[in-house]
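Novice: Based on what follows, work out the 3D shape:
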Amino acid sequence: MKLPSKKQIEKLRREYPIGTRLRLISMADEQAPPKGTIGEVSHIDDIGTIHMKWNNGSSLGLIVGKDKFEKV
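Specialist: Below is the predicted model:
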């Protein structure tokens, strides 16, 4: 998997600033929160993972291009 560039990471951070509310549509992980779970962006790391604070207590991060989600 190719890592995103610094420019792409900065774009993600502008598009999904800390506190942005997202709704999970689907996630390719056995421990994923249920579909429809809402959470807040806690930060975006240097490889582009969107770290979340899900309303159900999970903190599993989103992978752009692999997981599906939408802004609330």
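Novice: Can you get me a residue count around the nearest residue to residue 27 once chain neighbours are set aside?
Specialist: Counting by Cβ to Cβ, 6 or more residues apart in numbering, residue 27 lies nearest to residue 67, which is 4.5 Å off, once chain neighbours are set aside. All C-beta spots, glycine's among them, are computed from the backbone N, C-alpha and C. Residues lying near residue 67 (other Cβ atoms under 10 Å) number 19.
Novice: any idea how far residue 38 is from residue 67?
Specialist: With distances taken as Cβ to Cβ, to the nearest Å, residue 67 is found 14 Å from residue 38.
Novice: Helices of the protein, start to end?
Specialist: Assigned by DSSP state H, the chain shows helices spanning 6-15.
Novice: all strands for it, in order.
Specialist: 21-26, 38-44, 49-54, 62-63, 68-71 (DSSP state E).
Novice: Including mean neighbour count, mean pLDDT and distance to residue 15, could those strands go into JSON lines?
Specialist: Converted to JSON lines, those look like this (neighbours: other Cβ atoms under 10 Å; pLDDT from 0 to 100; distance: least, Cβ to Cβ, whole Å):
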{"stretch": "strand 21-26", "mean neighbour count": "16", "mean pLDDT": "98", "distance to residue 15": "11"}
{"stretch": "strand 38-44", "mean neighbour count": "18", "mean pLDDT": "98", "distance to residue 15": "9"}
{"stretch": "strand 49-54", "mean neighbour count": "18", "mean pLDDT": "98", "distance to residue 15": "10"}
{"stretch": "strand 62-63", "mean neighbour count": "19", "mean pLDDT": "96", "distance to residue 15": "12"}
{"stretch": "strand 68-71", "mean neighbour count": "13", "mean pLDDT": "98", "distance to residue 15": "9"}
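Novice: Which one, of these, ends up nearest to residue 13?
Specialist: strand 38-44 (5.1 Å; Cβ to Cβ).
Novice: and that closest one, C-alpha only, in PDB?
Specialist: Extracted in PDB, the C-alpha atoms of strand 38-44 (Å, rounded to 0.1, in the frame of the first residue of the first chain):
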ATOM      1  CA  ILE A  38     -21.200   8.200  14.700                       C
ATOM      2  CA  GLY A  39     -18.000   9.600  16.200                       C
ATOM      3  CA  GLU A  40     -15.600  12.500  16.200                       C
ATOM      4  CA  VAL A  41     -12.200  12.900  14.600                       C
ATOM      5  CA  SER A  42      -9.600  13.000  17.300                       C
ATOM      6  CA  HIS A  43      -6.600  13.400  15.000                       C
ATOM      7  CA  ILE A  44      -5.100  12.300  11.600                       C
END
